[in-house]
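Participant: just need the structure, nothing else, for what follows:
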Amino acid sequence: MTTIYERLSLYERLMRLDKPIGILLLLWPTLWGLWVAGMGQPSAFVVWIFVLGTVLMRSAGCVINDYADRNFDGHVERTRNRPLATGEVSTREALTLAALLALLAFVLILPLDRMVIWLSLPALFLAASYPFTKRFLAIPQAYLGIAFGFGIPMAFAALQQQLPGVAWLMMLANVFWAVAYDTEYAMVDRPDDLKIGIRTSAITFGRFDVAAVMACYLAALGLMAWVGATAGRGGVYYAGLLAALLIATYHFVLIRGRDRARCFKAFLHNNWLGGTIFAGLALDYLIHPVGG
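Facilitator: Got it, this is the predicted structure:
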């Protein structure tokens with residue numbers, strides 16, 4: 001019989017709160033959207049709602065992911081000790097926890113514009129359905145990019161009550177970025193995924209995996225440069241994009257040998273790439289405010 005502390009510890013692992021990289025990769029594009037939609041001065045209350053909502057929805061997504069992969073994770077070296085794979089947490093517990101997290105996230109956005117509430121429905125569908133796409137989509141990472149980027153249109157809905165073209169440009173940039181970093185992640189598990197029949201971009205791209213990752217980085221940063229031009233951003237923002245390009249180049253150095261540990265290091269390092277873009281964006285608005 002486990003104690004309450006041990007049970008909570010299992011739920012923490014299930015939600016991946018002990019490994020916050022997923023939260024950060026979801027948070028950075030959301031912050032990009034908030035800062036552009038808020039023209040450098042988004043409401044602190046709205047930012048707080050989105051940050052907390054990011055944590056809740058990422059946690060719910062992890063639970064659903066492990067529920068969907070519970071029969072596969074035990075055969076993958078990196079995931080064999082996850083609570084659902086080991087049977088330490090039941091499927092009923094997992095689904096209850098995921099539903100509770102999603103409900104809390106929904107309650108959180110109720111003070112916002114009605115458009116945000118309506119957009120939360122496809123956002124929830126994307127988060128819940130992504131784990132199952134690995135069974136039939138050749139590049140499920142693109143679907144992940146849409147799911148992880150949905151905070152961007154929601155940010156515009158919350159702050160501008162509209163969905164301008166720049167919001168979709170940012171979302172498309174996030175799709176390419178997600179394909180890049182999640183392919184690095186998939187390169188770690190490729191031998192195991194081939195054995196159990198999971199489909200990933202690393203398998204689909206085959207020997208062109210490194211080239212595909214770098215092409216996606218270039219596409220993402222090119223689209224973010226277009227976002228900067230559309231939003232009237234200055235040199236500081238583009239300096240941030242240049243720094244992000246240098247980080248992506250470092251990732252090439254890490255992944256070109258396809259070593260599993262170095263590919264995983266590159267994946268984790270994407271936190272710095274997303275954060276660098278945001279730092280350039282926030283500083284640019286600070287130095288060159290709209291109308292200033």
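
Participant: all the helices of the chain, in order from the start?
Facilitator: With DSSP state H as the criterion, the chain has helices at 4-14, 21-37, 44-68, 83-86, 91-109, 114-133, 140-149, 151-160, 165-196, 201-205, 209-230, 235-255, 260-287.

Participant: for the fourth one, give the mean pLDDT please.
Facilitator: This points to helix 83-86. Averaging pLDDT along helix 83-86 gives 85.

Participant: kindly report the same for the third one.
Facilitator: The average of the pLDDT scores along helix 44-68 is 94.

Participant: how about the backbone phi and psi for Arg16?
Facilitator: Dihedral pair for Arg16: phi 60, psi 30, per degrees, to the nearest 10.

Participant: how close does it sit to Glu93?
Facilitator: Look at Arg16 and Glu93: by C-beta to C-beta, to the nearest Å, they are 16 Å apart. Using the backbone N, CA and C atoms, a C-beta is placed for each residue, glycine as well.

Participant: contacting residues around Asn30?
Facilitator: Slight slip there: residue 30 is Thr, not Asn. When contacts are counted by C-beta atoms under 8 Å, 6 or more residues apart in numbering, Thr30 touches Phe50, Val51, Thr54, Gly151, Ile152, Met154, Ala155.

Participant: what's the farthest-apart pair in those?
Facilitator: Farthest pair in those (C-beta to C-beta) is Val51 and Ile152. Separation: 14.4 Å.

Participant: those two: which is more packed in?
Facilitator: Set side by side, Val51 and Ile152 show more neighbours around Ile152, with 27 against 15, by other C-beta atoms under 10 Å.

Participant: what's the neighbour count on the nearest residue to the more buried one once chain neighbours are set aside?
Facilitator: Computed as C-beta to C-beta, 6 or more residues apart in numbering, the closest residue to Ile152 that is not its neighbour in sequence is Gly33, at 3.6 Å. Burial measure for Gly33: 29 neighbouring residues, criterion other C-beta under 10 Å.

Participant: thought Gly33 was touching Phe150?
Facilitator: No: with contact defined as C-beta atoms under 8 Å, Gly33 and Phe150 do not form a contacting pair (9.6 Å).

Participant: got the phi/psi numbers for Pro42?
Facilitator: Main-chain torsions, Pro42, degrees, to the nearest 10: phi -70, psi 150.

Participant: enumerate every residue touching it.
Facilitator: Shown in contact with Pro42 (C-beta under 8 Å, 6+ apart): Leu34, Trp35, Ala155, Leu159.

Participant: distance of it relative to Gly33?
Facilitator: Distance from Pro42 to Gly33, counting by C-beta to C-beta: 9 Å.

Participant: do Gly74 as well
Facilitator: Going from Gly74 to Gly33 by C-beta to C-beta gives 37 Å.

Participant: show me the contacts for Ala211.
Facilitator: Ala211 sits next to Phe205 when contact means C-beta under 8 Å, 6+ apart.

Participant: recalculate using a threshold of 6 Å.
Facilitator: Ala211 sits next to no residue when contact means C-beta atoms under 6 Å, 6 or more residues apart in numbering.

Participant: so where's the stretch 1-150 of the chain uncertain?
Facilitator: Applying pLDDT under 70 to the stretch 1-150 of the chain flags the ranges 1-2.

Participant: what's the pLDDT at the spatially closest residue to Asn270 that is not a sequence neighbour?
Facilitator: Using C-beta to C-beta, 6+ apart and skipping the chain neighbours, the partner closest in space to Asn270 is Tyr181 (4.1 Å). Predicted confidence (pLDDT) for Tyr181: 96.

Participant: what's the answer for the one 4 residues further on, then?
Facilitator: The per-residue pLDDT reported for Tyr185 equals 90.

Participant: burial of it, as a residue count?
Facilitator: 23.

Participant: I'd say it and Ala266 touch.
Facilitator: No: using C-beta atoms under 6 Å, Tyr185 makes no contact with Ala266, being 8.9 Å away.

Participant: find the nearest non-adjacent residue to Ala212, please.
Facilitator: Phe205 (4.3 Å).

Participant: please report how far that neighbour lies from Asn65.
Facilitator: For Phe205, the distance to Asn65 equals 22 Å [C-beta to C-beta].
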